[in-house]
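> Here is the input, now give the coordinates:
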Amino acid sequence: MIQDNQQPIEYPIDGTLDLHQFRPKEVKDVVVDYIEACLEKKIYSLRIIHGKGIGVQREIVHSILSKHPAVENFRHEGGSGGSWGATVVNLKC
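Numbering: from 1, shown residues only. The predicted model follows:
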């Protein structure tokens, strides 16, 4: 993942993606790249933290997920794990 005029960001591929450190214009590429990296590592259950806010970032993430061919399903995280500030994603094996 590369930011403008900067070196690539090393980001752990462990199934949890926190979008707080990325700019809104980077979200689409970051989410798609992260899904691909997880598939390579055979990680099929993801958690994407987009924050609660007014829901713009959540809608962007959900739009990406609804069109991605490797996404089996996704939902808001339940309980105390982030509620509507995070989305749980199941990828196709």
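> so where's the chain uncertain?
Applying pLDDT under 70 to the chain flags the ranges 1-9, 79-83.
> which residue ranges form the helices in it?
27-40, 56-67 (DSSP state H).
> now these in TSV, with mean neighbour count?
The C-beta positions use only the backbone N, C-alpha and C, and glycine is treated the same way. Below are those laid out as TSV (neighbours: other CB atoms under 10 Å):
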stretch	mean neighbour count
helix 27-40	17
helix 56-67	16
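> Make JSON lines from these and add distance to Ile13 to it.
Shown next, in JSON lines, are the helices of the chain (distance: least, CB to CB, whole Å):
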{"stretch": "helix 27-40", "distance to Ile13": "5"}
{"stretch": "helix 56-67", "distance to Ile13": "17"}
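> so which of the ones you listed gets nearest Ile49?
Closest of the helices of the chain to Ile49 is helix 56-67, at 9.6 Å (criterion: CB to CB).
> where's that closest one relative to the chain centroid, distance-wise?
Averaging C-alpha positions (CA atoms, centre = their mean, to the nearest Å) puts helix 56-67 9 Å from its chain's average.
> go on, stretch 65-80?
9 Å.
> How about residues contacting that stretch?
Here stretch 65-80 makes contact (CB atoms under 8 Å, 6 or more residues apart in numbering) with 31-32, 35, 39, 47, 62, 83-92.
> Sweet, I'm off.
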